[in-house]
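Peer 1: build me a structure from this.
(one chain, ligands or ions: 1)
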Amino acid sequence: MARQGRWDIFCTVIDNYGDIGITWRLARQLVREHNIQVRLWVDDLESFRHLRPEIRPDLDRQTIFDVDVCRWRTPFPNSEPGAVVIEALACHLPIEFEQAMARQPVKPVWINLEYLSAENWVAGCHGLPSPHPRLPLTKFFFMPGYVPGTGGVLREAALLRQRDAFLTSSEEQDAFWRTLGVPPRQTGELLISLFSYENQAIGGLLSSWAEGSEPIRCLVPVGKGLGDVAQFFGRTGLEVGASLRRGNLTVHCLAMLDQDAYDRLLWACDCNFVRGEDSFVRAQWAGKPLIWQAYRQEANAHGAKIEAFITLYCQAMAPECTDALRRLWRAWNEDGHAGAAWPAFWSHRGQLTEQATGWLTRLQAIGDLAGNIVKFCNEKSK
Ligand code: TRH
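Peer 2: Have a look, this model is predicted:
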């Protein structure tokens, strides 16, 4: 079947995996669900390979899952722009490409895809035009968000169906744990995934779990939080595959999973610690209680994002449960004693789970980000 036009998506990898994680997810969904031909321009294929081991960092062009992945080189290669150009997550298009866009008889729809935030101003900025200072081009702000009037968040059409099928199949879940080299869930055991940045609160949290009355199995993907976990066990580092025990706590150190397998980890756990943007959204779709460590920004800009999300997320929640959530999230983000805040948080487990499910219904009503971008661009190109 012929593709519905070609789009260009540009991504620079700042640090971590969020920028490439989000743009890759978007590119793949536009191809699969909207039949669009997508070129994804990435400046750092090495980082991308951590998410998709098929990526060959030595190639200038390659096709992965029908997405044309191109190296973003300087100077930028001569290329004809597609019908839509997405400048993702605060990257800036190469000047050569902007000039090529300005030369097109029909100008591409130019989208500035912003970072996700629950702050009040987001809906007001969604869709605003920003004319280019010199060239005959207009860029439109596309703001992901959690409320009507924003661009929504990424969700593949089959995601919730796949999650439900996984959660109702003990065979699938057992097979999943086998691939990770982790024993299947034992009766009465709590499963928690822990994906974080460096965080001084980790030691206290693990301590509270080790001394608690409930057996806890904690799955830690390899990454920035691992040093603090190692320190808790009196080690200088931890290898992938390591499994350590103290009191009622067992910790497994996992290799980086691909994005689909990471989703399954979030679905399989009772509670998920996540970070940044994309894992945070995926944990919301998992429909389980979650704790978010925001990406640190200058002048504590992330603090406002955390408070705005809590206000929105907890709107319909009982005050004691909201307080417990707020205390734990603040402790987790401000290097406080998360261990002391955990028991109160987890005592509301039932309500937190109910809340997580209700939140999904709200999010679904806004439509998914890929579908919303397609609609927006169709409107603009009329
Ligand atoms: O890696 P991050 O910290 O990315 C951050 C944020 O996106 C932030 O907004 C941005 O400004 C900063 O990078 C530069 O966290 P995030 O967003 O959760 O991205 C992690 C990605 O890695 C996500 O796509 C999920 C994926 N992932 C896997 O595929 N497998 C894994 O095992 C794990 C743990 C994550």
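
Peer 1: CA only for contacts and neighbour counts going forward, please
Peer 2: Fine.

Peer 1: how about the one helix or strand Glu320 maps to and the ligand, touching?
Peer 2: If you go by DSSP states H and E, Glu320 is part of helix 319-333. No: interface with the ligand: helix 319-333 contributes nothing (CA under 6 Å from any ligand atom), its closest point being 13.4 Å away.

Peer 1: got the CA coordinates for that helix in PDB?
Peer 2: This file holds the C-alpha atoms of helix 319-333, laid out as PDB (Å, rounded to 0.1, in the frame of the first residue of the first chain):
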ATOM      1  CA  PRO A 319      -6.700  14.000  51.100                       C
ATOM      2  CA  GLU A 320      -4.700  11.500  53.300                       C
ATOM      3  CA  CYS A 321      -3.800   9.500  50.100                       C
ATOM      4  CA  THR A 322      -2.800  12.700  48.300                       C
ATOM      5  CA  ASP A 323      -0.600  13.700  51.300                       C
ATOM      6  CA  ALA A 324       1.100  10.400  51.400                       C
ATOM      7  CA  LEU A 325       1.800  10.500  47.600                       C
ATOM      8  CA  ARG A 326       3.000  14.100  47.800                       C
ATOM      9  CA  ARG A 327       5.400  13.200  50.700                       C
ATOM     10  CA  LEU A 328       6.900  10.300  49.000                       C
ATOM     11  CA  TRP A 329       7.300  12.000  45.600                       C
ATOM     12  CA  ARG A 330       8.900  15.100  47.200                       C
ATOM     13  CA  ALA A 331      11.200  12.900  49.300                       C
ATOM     14  CA  TRP A 332      12.200  11.000  46.100                       C
ATOM     15  CA  ASN A 333      12.900  14.200  44.200                       C
END
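
Peer 1: name the next helix or strand downstream of it, please.
Peer 2: Counting by DSSP H and E, the next helix or strand C-terminal to helix 319-333 is helix 338-347.

Peer 1: next one: the following helix or strand past that following helix to chain centre, how far?
Peer 2: Once the chain leaves helix 338-347, the next helix or strand it forms, by DSSP H and E, is helix 349-365. Mean-position distance between helix 349-365 and its chain equals 18 Å (CA atoms, centre = their mean, to the nearest Å).

Peer 1: repeat that for stretch 343-352.
Peer 2: 24 Å.

Peer 1: please report how far the residue nearest to the spatial centre of the chain lies from Val229.
Peer 2: In the chain, the centroid-proximal residue (CA atoms, centre = their mean) is Asp278; its distance is 0.7 Å. Distance of Asp278 to Val229, computed by CA to CA, to the nearest Å: 22 Å.

Peer 1: same question, Gly82
Peer 2: 46 Å.

Peer 1: tell me which of those two has more neighbours.
Peer 2: A count of neighbours by other CA atoms under 10 Å puts Val229 above the other of Gly82 and Val229, at 25 against 21.

Peer 1: wait, the more buried one touches Gly203, no?
Peer 2: Yes: between Val229 and Gly203 there is a contact at 6.7 Å, judged by CA atoms under 8 Å.

Peer 1: so what's the nearest residue to Leu116 once chain neighbours are set aside scoring on pLDDT?
Peer 2: Counting by CA to CA, 6 or more residues apart in numbering, Leu116 lies nearest to Pro144, which is 5.0 Å off, once chain neighbours are set aside. pLDDT recorded at Pro144 is 98.
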